[in-house]
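The sequence isn't on hand, but the structure is:
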């Protein structure tokens, strides 16, 4: 069955790129509502923005969505991953600025608060997008691919010159609570040189050593070091789940990413939906619904991190 959150939950923080304070409230929604954002600071224009693949305004640093009135919400990937990973299909997200709060750079605080509120089961079957044949997109040496599978699987590889990251690969079956157990606490990461360059350009003004893993060669500069030895690739998988959540329904298929980022995953969804023979929308029976991300997840599965 479809789900929503039982009661509203509020988050306050700063935007990663603007550094501006932001307040965000995730509210329950009815069946078939899907995920929508409402910009409460916008009054004289359409302030509703759908969390959907076809309204993505591609950006190299985050995932930004935009409605026809030009109203945007950026850095939606971490809250979208949390909703998908907790098995929440319907929600209205009110936000008083153009950027989702970065919090600690992962999805863990979102997950913890959502699960604390509880998941409400709705009396409407959940649908999923079944991948019927392989689709693939490339940009340079970056590749993203979807192919048929009985549940959502993510296979990701990254390769960075910095020894603190290097080459990392990981494969996960995202059924049930796998996202909460394995990925939700993994933070965004960046090179110190890139941070310095972005600050000079007026970007990533809200970025700190407390909400991102910053590396410099073989050194991890963030206090406490890494939460996982392969935290970087885990975060890329977190991002991929959040970007795939913009499909509008859970995906049954295997996603493979090699150096892939937000824009390439969006390219992949556009490629998938451009070919009617590559997918079908299906109503999930009980066995299929039990294999979806977030099915049966509970608070005890959240990793214990500082």
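That came in fine, so what should we check first? Quantities reported herein were computed from a predicted structural model and do not represent experimental measurements. Numbers count the residues shown, from 1 in each chain.

Please count neighbours and contacts with C-alpha atoms only from this point.
Noted.

Please tell me how far residue 33 sits from residue 126.
Using CA to CA, to the nearest Å, we find residue 33 at a distance of 12 Å from residue 126.

what's the answer for residue 303, then?
Note on residue 303: its distance to residue 126, by CA to CA, is 28 Å.

ok, residue 33 and residue 126, which is more surrounded?
residue 126 (22 against 13; other CA atoms under 10 Å).

ok, the more buried one - contacts?
Listed by CA atoms under 8 Å, 6 or more residues apart in numbering, the contact partners of residue 126 are 1, 2, 283, 284, 289.

can you check residue 69 too?
With contacts defined as CA under 8 Å, 6+ apart, residue 69 is in contact with 45, 46.

ditto for residue 162
191, 215, 216, 217, 218.

how about it, secondary structure?
Of the three states, residue 162 takes coil under DSSP: H, G, I helix; E, B strand; the rest coil.

still on that earlier bit, just the buried residues of the contacts of residue 162.
With neighbours counted by 16 or more other CA atoms under 10 Å, the contacts of residue 162 contain buried members at 191, 215, 216.

Pick the one among the residues you listed closest to residue 73.
Relative to residue 73, the closest of the buried ones among the contacts of residue 162 is residue 191; by CA to CA it sits at 25.1 Å.

so that closest one sits right up against residue 216, yeah?
Yes. Counting by CA atoms under 8 Å, residue 191 does reach residue 216; the two are 5.9 Å apart.

thinking again about what came up before, looking at the contacts of residue 162, which are in strands?
Applying DSSP state E to the contacts of residue 162, the entries found in strands are 191, 215, 216.

Just the strands from the stretch 101-250 of the chain, written as ranges.
Along the stretch 101-250 of the chain, the segments classed as strands by DSSP state E, counting those that start in this stretch run 119-121, 127-131, 135-139, 142-147, 153-159, 167-173, 189-191, 213-216, 219-220.

Lowest mean pLDDT across those strands, which one is that?
Ranked by mean pLDDT, the strands of the stretch 101-250 of the chain end with strand 189-191 in last place, scoring a mean of 83.

low-scoring pLDDT stretches of the stretch 151-300 of the chain, where are they?
The model of the stretch 151-300 of the chain has pLDDT under 70 over residues 198-199, 202-207, 209.

what's the answer for the stretch 1-150 of the chain, then?
Using pLDDT under 70, nothing in the stretch 1-150 of the chain is flagged.

Swap in 80 and give it another go.
Scanning the stretch 1-150 of the chain for pLDDT under 80 picks out 17, 60.

Helices of that one, start to end?
For the stretch 1-150 of the chain, the helices defined by DSSP state H, counting those that start in this stretch cover 77-85, 108-117.

contacts for the shortest one?
The set of residues that contact helix 77-85 without belonging to it, under CA under 8 Å, 6+ apart, is 62-63, 89, 100, 106-108, 110-111, 114, 177-180, 184, 238-239, 241-243, 245-246, 250, 293-294.

Just the buried residues from the residues you listed, in PyMOL please.
Applying 16+ other CA under 10 Å to these, the buried members can be selected in PyMOL as follows:
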select buried, resi 62+63+89+100+106+107+108+110+111+114+177+178+179+180+184+238+239+241+242+243+245+246+250+293+294
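
nearest spatial neighbour of the most centrally placed residue in the chain, skipping sequence neighbours?
Closest residue to the average C-alpha location of the chain: residue 242 at 2.0 Å, with CA atoms, centre = their mean. Spatial nearest neighbour of residue 242, excluding adjacent residues (CA to CA, 6 or more residues apart in numbering): residue 81 at 3.8 Å.

could you measure the one you found against residue 240, distance?
For residue 81 relative to residue 240 (CA to CA), the value is 8 Å.
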